[in-house]
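K.L.:
Following is a predicted model, sequence given first.
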Amino acid sequence: MAGDSLERLQSSIGYRFRNRRILLEALTHSSHAQESSSPTRDNEQLEFLGDAIINFLVSVRLADTFPEYEEGKLSRGRARLVGASHLAAVAGRMKLGEFLRLGRGEEKTGGRSKAALLCNAFEALVAALYRDGGLEAAREFVERFVMPEDLTASADELFSLARGQGGSKKAAEQEAAKIALERLGKRPENRG
């Protein structure tokens with residue numbers, strides 16, 4: 001990956017990595033690592049860690065902002081914010097796919113825009129921020145990109161149950177989740 005590409009990514013997220021290798025690891029899909037002629041780490045372990053960090057940071061923020069809410073309501077709000085659909089949409093708006101290191105097969109099949117790969121890379125990036133800059137670097141990133149700009153004002157969209165219609169209960173639930181995520185996605189991502 002070209003150095004100017006890494007510079008663009010670091011500028012867009014507002015963080016400069018001291019250890020660029022961990023950033024490269026966060027952007028490396030297993031398909032690329034398997035095809036590499038030299039030993040290369042993929043982002044799967046960072047993805048695992050990033051998932052836990054995002055859950056923790058979102059949980060703390062929701063509990064601090066809404067101390068009067070019951071656990072179930074907080075859990076529903078967290079699920080919307082940390083869900084794969086929401087994280088993939090955030091990663092898509094960040095154009096994170098442009099920076100992924102993919103193998104030939106993933107490249108040919110449109111891996112740069114696959115929701116699962118984008119979500120995984122986003123989680124890995126959060127873990128890389130944590131590894132390089134500590135919990136505060138990860139928290140600032142999650143606040144900027146995952147959380148609504150005004151969490152209190154977004155409470156109705158975040159916690160009110162969206163209604164969906166479908167031929168089955170599952171289809172209706174999926175439609176409701178889609179509506180809720182679309183509502184969450186109507187916020188600017190690059191706040192300073």
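P.N.:
Alright, I've got the coordinates.

K.L.:
what residue ranges in this protein score low on pLDDT?
P.N.:
The chain contains residues with pLDDT under 70 at 1-3, 161-166, 169, 172-173, 176-192.

K.L.:
Spatially central residue for this protein, please.
P.N.:
The residue at the geometric middle of the chain, judged as the C-alpha nearest the mean C-alpha position with Cα atoms, centre = their mean, is L87 (3.5 Å).

K.L.:
and the helix or strand it falls within, how far from the chain's centre?
P.N.:
Counting by DSSP states H and E, the secondary-structure element that holds L87 is helix 84-94. Here the centre of helix 84-94 is set off from its chain's centre by 6 Å, with Cα atoms, centre = their mean, to the nearest Å.

K.L.:
With only the CA atoms kept, save the next helix or strand after that helix in CSV.
P.N.:
For helix 84-94, the following helix or strand on the C-terminal side (DSSP H and E) is helix 104-108. Backbone C-alpha positions of helix 104-108 (Å, rounded to 0.1, in the frame of the first residue of the first chain) are rendered in CSV as follows:
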residue,chain,number,x,y,z
ARG,A,104,-7.0,-11.2,-6.0
GLY,A,105,-10.2,-13.1,-5.5
GLU,A,106,-11.7,-10.6,-3.1
GLU,A,107,-10.6,-7.8,-5.4
LYS,A,108,-12.4,-9.4,-8.4
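
K.L.:
Quick check: buried residues in the following helix or strand past helix 104-108?
P.N.:
Scanning the chain past helix 104-108 towards its C-terminal end, the next helix or strand to appear is helix 115-145 (assignment: DSSP H and E). Taking 16 or more other Cβ atoms under 10 Å as the neighbour-count basis, helix 115-145 is seen to contain the buried residues 117-133, 137-142, 144-145. Every residue, glycine included, has its C-beta placed from N, CA and C.

K.L.:
ok, back up a step: by contact count, what packs against the helix holding L87?
P.N.:
Under the contact definition 3 or more Cβ pairs under 8 Å, 6 or more residues apart in numbering; DSSP states H and E, helix 84-94 sits against helix 115-145, helix 169-184.

K.L.:
and the residue nearest to the centre of the chain, what is it in contact with?
P.N.:
54, 118-119, 122-123, 146 (Cβ atoms under 8 Å, 6 or more residues apart in numbering).

K.L.:
could you redo the last one with a cut-off of 6 Å?
P.N.:
When contacts are counted by Cβ atoms under 6 Å, 6 or more residues apart in numbering, L87 touches 119, 122.
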